[in-house]
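# coords below, sequence missing:
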Ligand code: NAD
């Protein structure tokens, strides 16, 4: 029996149904384009299946476990309550499954043709789909949007196995190891360290740089390090991992300290979290003629156009800023350039909101204080601690602060760095103010509801103007 091959012509072909790809497909369909989307494994991407969403469920369960561990008495709960990791795992999978169904619903609602299979370009106008159910297709397109994401990086000397893995195996695991070594103190390493420690794992984080979350503001790194130590996490900075592999009873990691000393540690599991690299192989990119940068990403202009003008690329594969909401913003813009001749362009990626869903959270946008001083010469800085915020006391989470960096000449915001409860929710006011060029002198008059965590922003605005009220 020969498989049938469907032939289809569309205005827009989207390769990859992650947060960038599926959003781009919806926006293109809304603008009247005929759209096909091809996905081989994860509808909703790594984000919905094994990334952002399931990990946020695990983190929410972990936060309850940690709150109980720290405050059982004052919240009137019995001593010795222990949260069950299996329940966190089950809730995490159930939430992910629900969100994935939501993506299929949205595709259908917008009349987008879905192909579950592996897509490979055969030219700059055609893509062949090989589907597991035999419904192969050849799609010709006027425009394509490549949204193929990224894959995890490894390190020389690290041998992946049952006990040395990337994040996917840990997200999908039904149990928490008794001891966990995390290689890399970026967002993935830190988020998993928080989950594991809150469920009773002995956690050691090894970071090559001299501080955790090394790209964040130094004060935010230091504040988070303090909180993680309180959660019982061992942080080793200046640690260059040279090897990791399975052993008969678990796993073993070797690292060199900054002073050249070599240390070996054993653990039940090792999580390798040293970054992502754009995915360039396995989908016939060569056949399109699209340029790839020296740093191994698809080269795009400020409107996400590749070197082949009718082909666009969005998300992690562009190597710009590997965050789901950045991919979405790029996807919407690419669809609007294709479907509505938009003249908009992506701005400075440093101004995008960033968040690490640790316990407490870290959220930021724009320049760190050090970058501000280097680029502007001088900056205005104001910090307000959550220990002086009523709502933080009410919820029992007083660690952390908000710190805002402003340009002293224009009196507009150039960066903010926050550590504390749900601080990721405080970002939109700041990014809107920075994007619109709202001055400190106007921001101080924006009244914030009492009692809220957001009052800490109002205090920091007052601080920038030279007159903090409650601190
Ligand atoms: P990352 O690149 O953000 O961090 C990796 C860390 O590993 C760095 O701090 C680096 O210094 C360290 N490292 C590198 N080599 C090392 C070595 N030999 N020994 C010890 N440490 C070493 O990568 P990630 O945390 O794996 O995240 C991957 C991508 O996913 C990033 O782009 C990240 O922004 C994104 N992501 C973001 C979030 C979020 O924003 N909440 C969550 C998950 C993933």
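Received the coordinates, thanks. Everything quoted here is computed from the prediction, not taken from an experiment.
# Okay, helices next: where are they in the stretch 151-300 of the chain?
With DSSP state H, counting those that start in this stretch as the criterion, the stretch 151-300 of the chain has helices at 167-172, 187-198, 218-230.
# Redo these as TSV? Include distance to residue 104.
For every residue, glycine as well, the C-beta is placed using N, CA and C. Output for these, formatted as TSV (distance: least, CB to CB, whole Å):
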stretch	distance to residue 104
helix 167-172	21
helix 187-198	27
helix 218-230	37
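# among these, which is nearest the ligand?
Across those, the ligand has its closest neighbour in helix 187-198 (3.4 Å, CB to the nearest ligand atom).
# Not counting its own residues, what contacts that closest one?
Helix 187-198 is contacted by residues 55, 58-59, 62-63, 65-66, 69, 83, 88, 167, 170, 176-177, 180, 182-183, 185, 203, 205, 207, 212-213, 224, 228, 231-233, 271, 273, 356-359 when judged by CB atoms under 8 Å, 6 or more residues apart in numbering.
# tell me the angle that helix makes with helix 218-230.
Helix 187-198 and helix 218-230 are oriented at 30 degrees to each other (axes from the mean of the first three to the mean of the last three CA atoms, to 10 degrees).
# start the count at 210, not 1, going forward
Will do, 210 is the new start, and the previous item becomes helix 396-407.
# Which members of the contacts of helix 396-407 additionally contact the ligand?
Filtering the contacts of helix 396-407 for neighbours of the ligand using CB under 6 Å from any ligand atom leaves 392, 394, 416, 482, 565-566.
# Just the contacts of helix 396-407: which are in strands?
If you go by DSSP state E, those have 389, 391-392, 412, 414, 416, 480, 565 in strands.
# just to revisit the earlier point, which of the helices of the stretch 360-509 of the chain sits most buried?
Mean neighbour count, computed with mean count of other CB atoms under 10 Å, is highest for helix 396-407 among these, reaching a mean of 26.
# So is that helix next to the ligand?
Yes - for helix 396-407 and the ligand, the contact criterion (CB under 6 Å from any ligand atom) is met by 396-398, 400.
# Just want the angle from that helix to strand 411-416.
In terms of direction (the same axes, to 10 degrees), helix 396-407 departs from strand 411-416 by 160 degrees.
# ok, the closest residue to the ligand within the chain - contacts?
Closest to the ligand within the chain is residue 395: 2.1 Å, counting by CB to the nearest ligand atom. By CB under 8 Å, 6+ apart, the contact set of residue 395 is 422, 424, 482-484.
# Can you select the buried ones among the contacts of helix 396-407 for me in PyMOL?
Selection command for PyMOL covering only the buried members of the contacts of helix 396-407, criterion 16 or more other CB atoms under 10 Å:
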select buried, resi 264+267+268+271+272+274+275+278+292+297+376+379+385+386+389+391+392+394+412+414+416+421+422+433+437+440+442+480+482+565+566+567+568
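# Enumerate the residues of the stretch 510-659 of the chain near the ligand.
So far as CB under 6 Å from any ligand atom goes, the stretch 510-659 of the chain lies against the ligand at 531-532, 563-566.
# try 5 Å
Residues of the stretch 510-659 of the chain found near the ligand (CB under 5 Å from any ligand atom) are 531, 565.
# Go ahead and confirm residue 371 touches residue 456.
No - between residue 371 and residue 456 there is no contact under CB atoms under 8 Å: 10.6 Å.
# okay, now the domains of the protein?
Domain ranges of the chain: 214-260+298-360+486-558, 373-483, 569-674, per automatic domain parsing.
# so can I have TSV of those domains showing mean pLDDT?
Formatted as TSV, the domains of the chain follow (pLDDT from 0 to 100):
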stretch	mean pLDDT
domain 214-260+298-360+486-558	97
domain 373-483	97
domain 569-674	98
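# Turn those into TSV, columns for distance to residue 282.
Formatted as TSV, the domains of the chain follow (distance: least, CB to CB, whole Å):
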stretch	distance to residue 282
domain 214-260+298-360+486-558	26
domain 373-483	17
domain 569-674	11
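# out of those domains, which comes closest to residue 680?
Closest approach to residue 680 among the domains of the chain (CB to CB): domain 569-674, 4.6 Å.
# Between the two ends of the closest one, how far is it?
28 Å (CA to CA, to the nearest Å).
# which strands and helices sit next to the helix or strand hosting residue 665?
Using DSSP states H and E, residue 665 maps to helix 664-673. The contact analysis (3 or more CB pairs under 8 Å, 6 or more residues apart in numbering; DSSP states H and E) places helix 664-673 against strand 589-594, helix 599-604, strand 610-615, helix 649-652.
# next one: it to chain centre, how far?
Taking CA atoms, centre = their mean, to the nearest Å, one finds helix 664-673 lying 27 Å from the centre of the chain it belongs to.
# And for stretch 376-388?
The answer for stretch 376-388 is 19 Å, by CA atoms, centre = their mean.
# So which residues make contact with that stretch?
255, 259-260, 263-264, 267, 294-295, 298, 301, 361, 397, 401, 404-405, 408-413, 459, 475-478, 480, 482.
# what does stretch 499-510 contact?
333, 355, 486-487, 489, 494, 515-517, 520-523, 526-529.
# and with 6 Å instead?
Stretch 499-510 has contacts (CB atoms under 6 Å, 6 or more residues apart in numbering) with 487, 515-517, 520, 522, 526-528.
# tally of neighbours for residue 514?
Here the number of neighbours of residue 514 (other CB atoms under 10 Å) works out to 18.
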